[in-house]
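Colleague: quick one, fold the following:
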Amino acid sequence: MRFSKSARSRGVSPELTERAELVVAELAANAVLHGRLPGRCFRLTLVLDPAAGHLRIEVSDARGDLSPRPRRPTDTAPDPLPTGGRGLTLVTALADHWDCVPYPPSGKTVRAVLTRAVGA
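Modeller: Modelled structure (predicted):
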């Protein structure tokens, strides 16, 4: 990804860059699969704040009526080997924080913030 080269040239650690790539991939895939309406796509914004030591990832789509939620450990799936439904669990594990806010006039933005090393 071009992001990797650009982020690393700004002093972002390889570990944070790799986490960011996975989060972007999951959120963008969700926007394409679940948030698309005919004639409208999604918007990706990356904001790097080296002074604060964090990266904010925002993915906006047109489907404000579908709010994401991660799968809880207590949720059960009828299929013991589901092929989907793990993306936001992965985002939860990789990001320090994520949330979903309205994106006017009718969409939503899923935001994820990455700051620290995993396990730090």
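Colleague: where is the longest helix in this structure?
Modeller: helix 14-34 (DSSP state H).
Colleague: can you tell me the strand partners of the next helix or strand after that helix and which way each runs?
Modeller: Using DSSP states H and E, the helix or strand that follows helix 14-34 in sequence is strand 43-49. Note on strand 43-49: by DSSP bridges, its sheet partners are strand 54-61 (antiparallel).
Colleague: now the helix or strand that the partner strand is followed by: buried residues?
Modeller: Sequence order places helix 87-94 as the next helix or strand after strand 54-61, per DSSP H and E. For helix 87-94, the neighbour count (16 or more other CB atoms under 10 Å) marks 87-88, 91, 94 as buried. Using the backbone N, CA and C atoms, a C-beta is placed for each residue, glycine as well.
Colleague: and the residues you listed, which is closest to residue 30?
Modeller: residue 87 (5.7 Å; CB to CB).
Colleague: contacting residues for that closest one?
Modeller: 26-27, 29-30 (CB atoms under 8 Å, 6 or more residues apart in numbering).
Colleague: considering those residues, which is situated nearest to residue 44?
Modeller: For the contacts of residue 87, the nearest to residue 44 is residue 27 (8.0 Å; CB to CB).
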